[in-house]
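In: Provided below are the primary sequence and the corresponding predicted coordinates.
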Amino acid sequence: VSNCGFYGRAEAGMELQAKLGCSHNGCTFCGMYKDKKFRVRTLEEIETDIRMARLYYQDVEKVFLADGDALAMNTEDLIHVLSLLYQTFPGLRHVGIYAGPRSILEKSEAELASLKEKGLTVAYLGVETGDPELLDEVNKGVSVQEMVTAGRAVVRSGIKLSVTVILGLAGRDRERSKRHAESESRNNLPDQGRCISGCYRWICRGRRSLAVSALAIILGLIMAFFFKRRKLMRA
């Protein structure tokens, strides 16, 4: 796993807006896209952005496809975007994407394998928790088993899987925090996707989890401010 709890877009050399908003946009803990109406941008819009980026950046090594859950794009269109990116930027070696569990499940294994073949290198999946009750409460939109199935599908395709778990999501209840850390997702996700066990000692230690949660919230706010400011500067 390349990270645990940080947004994949922080690794990007260039951020390409493939979609606006999030196709699910119902998670109770996320406010990043509440003010955006979900829309997949046209290929013409994306192609124009890539041409402009070529003039501005000359070349890039990393690209992140935004916004939330850009994997919801039509597979043929996504393949077209990947091909154009690699044609435009000779030094490109890494393309990352947010992948919602429902969008992964709606892709066939052949489609995911095609995306890997065309240069999609990493998919960021928000597991959030492996506790079925808690996952339902935060309105993730899938069951724990569906989350596991989605993660396994990504790994089988050859795309690198990076999962995130929200520290302190279970609150101050020790037993619930333990279920949050040691639950079905931890036992069933592929080895490549296990960052849950590494978070356990922080999640289930009572008061300390509050401090970690506060730190995670502060970091999230700082990152949200940074990305919003960067977009305004580019506008």
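Out: Perfect, I can see it now.

In: Just name the shakiest helix or strand of this structure by mean pLDDT.
Out: Here the helix or strand of the chain ranked lowest by mean pLDDT, DSSP states H and E is helix 196-203, holding a mean of 35.

In: Quick one: the helices in this protein, in order.
Out: 43-57, 75-88, 101-105, 109-117, 132-137, 144-157, 174-181, 184-188, 196-203, 207-234 (DSSP state H).

In: which of these has the lowest average pLDDT?
Out: Lowest mean pLDDT within these: helix 196-203, at a mean of 35.

In: Pull the contacting residues for residue 114.
Out: 75, 79 (C-beta atoms under 8 Å, 6 or more residues apart in numbering). Bear in mind the C-beta positions are built from the backbone N, C-alpha and C, glycine included.

In: Let's see that with 10 Å instead.
Out: Shown in contact with residue 114 (C-beta atoms under 10 Å, 6 or more residues apart in numbering): 75, 76, 78, 79, 82, 107, 108, 120, 157.

In: got it, and residue 23?
Out: Residue 23 touches 33, 38, 40, 67-73, 100, 102-103, 106, 141, counting by C-beta under 10 Å, 6+ apart.

In: if you look at those, which of them are in strands?
Out: Among the contacts of residue 23, the residues falling in strands (DSSP state E) are residue 40.

In: What's the ChimeraX syntax to select whichever of the contacts of residue 23 are buried?
Out: Of these, the buried ones can be selected in ChimeraX as follows, counting by 16 or more other C-beta atoms under 10 Å:
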select :33,38,40,67,68,69,70,71,72,73,100,102,103,141
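
In: Which two of the contacts of residue 23 have the greatest separation?
Out: 33 and 106 (19.0 Å; C-beta to C-beta).

In: before we move on, the earlier item: list just the nearest of the contacts of residue 23 to residue 170.
Out: Among the contacts of residue 23, and counting by C-beta to C-beta, the member closest to residue 170 is residue 141, at 19.0 Å.

In: where's the closest one relative to residue 162, distance?
Out: According to C-beta to C-beta, to the nearest Å, residue 141 stands 19 Å off from residue 162.

In: residues near residue 86, how many?
Out: Burial measure for residue 86: 16 neighbouring residues, criterion other C-beta atoms under 10 Å.

In: Residue 73 is in contact with residue 98, isn't it?
Out: No: Residue 73 is beyond contact range of residue 98, at 11.2 Å (criterion: C-beta atoms under 10 Å).

In: what do these two both touch?
Out: With C-beta under 10 Å, 6+ apart, residue 73 and residue 98 have common neighbours 18, 19, 65.

In: least confident pick among the residues you listed?
Out: Of all of the shared contacts of residue 73 and residue 98, residue 19 carries the lowest confidence score, 86.

In: pretty sure that one contacts residue 74?
Out: No: Residue 19 sits out of contact with residue 74 when judged by C-beta under 10 Å, with a separation of 11.1 Å.

In: For these two, indicate the residue with more neighbours.
Out: Taking neighbours as other C-beta under 10 Å, residue 19 and residue 74 compare with residue 19 leading, 23 against 11.

In: Quick check: the gap between the more buried one and residue 67.
Out: Taken as C-beta to C-beta, the span from residue 19 to residue 67 is 5 Å.

In: which neighbours do these two share?
Out: 33, 36, 38, 39, 41, 98.

In: Next up, the contacts around the fourth one.
Out: The one in question is residue 39. Residue 39 neighbours (C-beta under 10 Å, 6+ apart): 19, 20, 21, 67.

In: What's the local residue count around residue 84?
Out: When neighbours are counted by other C-beta under 10 Å, residue 84 comes out with 15.

In: How about it: what's its closest non-neighbour residue?
Out: Leaving out its chain neighbours, the residue that sits closest to residue 84 by C-beta to C-beta, 6 or more residues apart in numbering is residue 50, at 5.7 Å.

In: Kind regards, and thank you for your time.
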